[in-house]
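Undergrad: Need coordinates for the below:
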Amino acid sequence: MKTIINLPKPDVEGAVPLEQAIMLRRSRRDFLRRPLTLEQIGQLLWSAQGKSTMGPFRNTPSAGATYPLEIFTVVEKGLFQYFPNEHSLKQILDRDIRAQLASAAWGQEFIAVAPLTIIFTAEFSRTTKRYGQRGIRYVYMEAGHAAQNVHLQAETLHLGSVAVGAFDDAAVKGILFLPSNLEPLYMVVVGHYH
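TA: Below is the predicted model:
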């Protein structure tokens with residue numbers, strides 16, 4: 001049986017103004033090997049796809065509330081999937097796959113060091129069933145919205161982040177044991193930095 005981790009309740013009254021987070025946001029790749037807390041991981045995931053406190057919706061826009069994204073996290077202790085409705089993580093693998101992920105990202109070695117990589121995957125059919133081929137565009141837009149929330153949330157937590165789009169899709173899919181209906185789209189790597 002795989003471990004379920006209930007994440008701490010997200011902070012909805014952060015101390016850093018949005019404008020300051022926007023101003024400070026930079027791509028950072030010089031990560032320390034210091035792990036993140038469950039509070040930090042939970043806050044980052046909540047910002048990406050967590051449920052809004054203002055009703056049944058999530059924190060990022062989704063065309064027709066079709067929610068095509070599925071989020072996975074890679075940390076030293078393994079691979080986890082995020083479940084927004086429960087604000088929880090389910091363990092998929094219990095071993096460190098960061099070096100494999102760095103290799104699949106064409107040798108971007110900071111991924112092997114960083115304490116957290118958030119991987120945005122999508123089931124395109126959730127959106128294309130409603131919007132046809134144009135729905136593909138909407139899925140990519142949603143991934144961008146969610147990732148930007150993560151970058152800004154990282155700044156408010158005094159963490160660094162960097163977007164990663166350069167990777168071998170098939171290799172990432174294999175490393176994460178993704179089912180055929182999910183495609184990897186985007187990674188955001190987060191951690192304490194020098």
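Undergrad: which strand of the chain spans the most residues?
TA: In terms of residue count, the longest strand belonging to the chain (DSSP state E) is strand 183-191.
Undergrad: for this structure, what are the low-confidence residue spans?
TA: Applying pLDDT under 70 to the chain flags the ranges 1.
Undergrad: I'd say Phe167 and Trp106 touch.
TA: Yes: taking contacts as C-beta atoms under 8 Å, Phe167 lies within contact range of Trp106: 6.6 Å. (Each C-beta comes from the backbone N, C-alpha and C, glycine too.)
Undergrad: ranges for the helices of this protein?
TA: Using DSSP state H, the helices of the chain run over 18-24, 38-49, 98-104, 110-113, 125-131, 134-156, 169-175.
Undergrad: Give the buried residues for the last one.
TA: Read it as helix 169-175. Buried residues in helix 169-175, counted by 16 or more other C-beta atoms under 10 Å: Ala171, Val172, Lys173, Ile175.
Undergrad: Skip the chain neighbours and tell me the closest residue to the most centrally placed residue in the chain.
TA: Centroid check for the chain by C-alpha atoms, centre = their mean gives Ile118 as the closest residue, at 3.1 Å. Ranked by C-beta to C-beta, 6 or more residues apart in numbering and with sequence neighbours excluded, the top spatial neighbour of Ile118 is Val188, at 4.7 Å.
Undergrad: What of Ala99?
TA: Of all residues not flanking Ala99 in the chain, Ala112 sits nearest, at 4.5 Å (C-beta to C-beta, 6+ apart).
Undergrad: Next, format the buried residues of helix 169-175 as CSV and append distance to Tyr82.
TA: Putting those into CSV (distance: C-beta to C-beta, whole Å) gives the following:
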residue, distance to Tyr82
Ala171, 22
Val172, 17
Lys173, 18
Ile175, 17
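Undergrad: No more questions from me, cheers.
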